[in-house]
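**Student:** The following block contains a protein sequence and its predicted model.
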Amino acid sequence: MLDMGLSALLNDLHDRGLDKDVAVVVCGEFGRAPRINKLNSRDHWPNANFALLAGGGINTGQVIGATDKDGAFPTERSVNFQEVFATLHHCIGIDAARTTIPDAKGRPHYLVDAGNKPIPELVG
């Protein structure tokens, strides 16, 4: 049911001309373990995950990266979530590598960890 709702949302944003202004991000906190555990379930798996990004000025219609046949480990073009955040900030005109937000004691904190840049395939 989620896929029908997601495609309806994306189509509606496109039909209304809002697809350039509204970014849609679908992702999970963790991937799922590639094997069933002893409780007939799957555990959290931090080694591989996914994210779907659409709209908001992002270059869409592509797959970036790949995993092995079990979805257990990246095999090419690994992307981390800090890069996703840097990409989203870039799309709204914020340089996440230079912009800081002060904490309760006034100390500056960067929006993303050092060295993380927007994903070039999505913003180039």
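**Tutor:** On my side now, so go ahead.
**Student:** Every contact and neighbour count from this point should use C-alpha atoms.
**Tutor:** Will do.
**Student:** start to end distance for stretch 34-44?
**Tutor:** 10 Å (Cα to Cα, to the nearest Å).
**Student:** Kindly apply the preceding question to stretch 113-124 instead.
**Tutor:** End-to-end for stretch 113-124, by Cα to Cα: 21 Å.
**Student:** Buried residues, it. List them.
**Tutor:** Under the neighbour-count criterion of 16 or more other Cα atoms under 10 Å, stretch 113-124 has Asn116, Lys117, Pro118, Ile119, Leu122 buried.
**Student:** what's the spatially closest residue to Ser78 that is not a sequence neighbour in contact with, if anything?
**Tutor:** Using Cα to Cα, 6 or more residues apart in numbering and skipping the chain neighbours, the partner closest in space to Ser78 is Gly65 (5.6 Å). Residues in contact with Gly65 (Cα atoms under 8 Å, 6 or more residues apart in numbering) are Pro74, Thr75, Glu76, Arg77, Ser78, Val79.
**Student:** Give me the pLDDT for Pro105.
**Tutor:** If you look again at residue 105, you'll see it is Lys, not Pro. Residue-level confidence at Lys105 comes out at 97, pLDDT.
**Student:** For it, which three-state class applies?
**Tutor:** coil (DSSP: H, G, I helix; E, B strand; the rest coil).
**Student:** Relative to Lys117, how far out is Phe85?
**Tutor:** 9 Å.
**Student:** Revised request: answer the last question for Gly71.
**Tutor:** As judged by Cα to Cα, Gly71 and Lys117 stand 25 Å apart.
**Student:** Tell me if His109 really is in a strand.
**Tutor:** Yes. Assessed by three-state DSSP, His109 belongs to a strand.
**Student:** can you count the residues close to it?
**Tutor:** His109 is flanked by 13 other residues according to other Cα atoms under 10 Å.
**Student:** wait, it sits on Ile101?
**Tutor:** Yes. Using Cα atoms under 8 Å, His109 makes contact with Ile101 at a distance of 5.3 Å.
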